[in-house]
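Asks: got a predicted structure here, sequence first:
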Amino acid sequence: MLNDALLNKEFLNITSFIEVTNFKIDKFKLDIDNLYDSSLENKCIIPHMMLEKYGVLKITTEKQEDTSLVKRLLVKQLKLIENKDYICTKMSFKTSSGTKYKNQYFLSLNSFKLCLMRSQKTIEYAKHFIQIENLFFLYYKYQCEYEKLKYKNEIEKLKNMQHIKQYSREKAIERLEVKVKDKYKIECVYFIQEEDFDIFKVGYTDNLKERLGTLQVGNIRNLHM
């Protein structure tokens, strides 16, 4: 799917990527905003009534809403942690006998997705999330390949610039000179005498000028080779 024609287009956001690649996702849609927004994954924003809407729990009866079923699902069955995976608040409401209170639960995105795996449409939701996972993986691969091609094109542009070509030639000549010097260097035995003294040094080198300069440093008398 990631062919050259796709990579040579302008960079695609994920919506355009789906359209261009004709990526197949089941038509069923969760009517929840930001379900895949990673910046919200740790925030508890989904009300527990969504569990009934998507077939996870039957909470509402003719008389009232039984939120104890929500707590049983979250705590007993799924082992979710309060104030991390969900939060519970008290909601007041008026009745003929006065003000009453009931629990209102809000789930994190990941907790809600986990709950969907226990719904009447478990297989349908599971397939959907697998498709989304495959989409994100393919889109991540596309981003990597796009940046890789972009980098390669930039390098080619640099290589074709005149001053870069000149610099590259100069560096190539330098490397060749070093290679030739190492391969064809001439080695010899030398004798060095200190001026006005019958003191000699015998040695072996492939660079007489450099060796003489090294030995002359710090010596107040001239050395003769």
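Replies: The structure has been received and is ready for your questions. Residues are numbered from 1 along each chain as shown.
Asks: quick one: which helix or strand includes the residue nearest the centre of the chain?
Replies: Centroid-nearest residue in the chain, with Cα atoms, centre = their mean: Y140, separated by 8.7 Å. Using DSSP states H and E, Y140 sits in helix 122-159.
Asks: show me how far that helix is from its chain's centre.
Replies: 11 Å (Cα atoms, centre = their mean, to the nearest Å).
Asks: which stretches in the chain count as helices?
Replies: Remark: helices assigned in the chain by DSSP state H are 4-7, 14-21, 49-53, 68-71, 109-116, 122-159, 162-184, 208-216.
Asks: just name the most buried of these.
Replies: helix 109-116 (a mean of 20; mean count of other Cβ atoms under 10 Å). (C-beta placed from N, C-alpha, C; glycine too.)
Asks: so for that one, mean pLDDT?
Replies: The pLDDT scores in helix 109-116 average 87.
Asks: any regions of this structure where pLDDT drops low?
Replies: Within the chain, the stretches with pLDDT under 70 are 1-2, 4-5, 27-41, 62-63, 180-186.
Asks: domains of it?
Replies: 31-120, 188-224 (automatic domain parsing).
Asks: helices or strands up against the helix holding Y140?
Replies: helix 4-7, helix 14-21, helix 109-116, helix 162-184 (3 or more Cβ pairs under 8 Å, 6 or more residues apart in numbering; DSSP states H and E).
Asks: switch these over to TSV; also include distance to T99.
Replies: Supplementary listing: the helices and strands packed on helix 122-159 in TSV, determined by distance: least, Cβ to Cβ, whole Å:
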stretch	distance to T99
helix 4-7	61
helix 14-21	47
helix 109-116	30
helix 162-184	79
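Asks: tell me which of those helices sits nearest to R221.
Replies: Nearest to R221 among the helices and strands packed on helix 122-159 is helix 162-184 (31.5 Å), distances taken as Cβ to Cβ.
Asks: what's next to that closest one, contact-wise?
Replies: The contact list for helix 162-184 (Cβ atoms under 8 Å, 6 or more residues apart in numbering) reads L158, K159.
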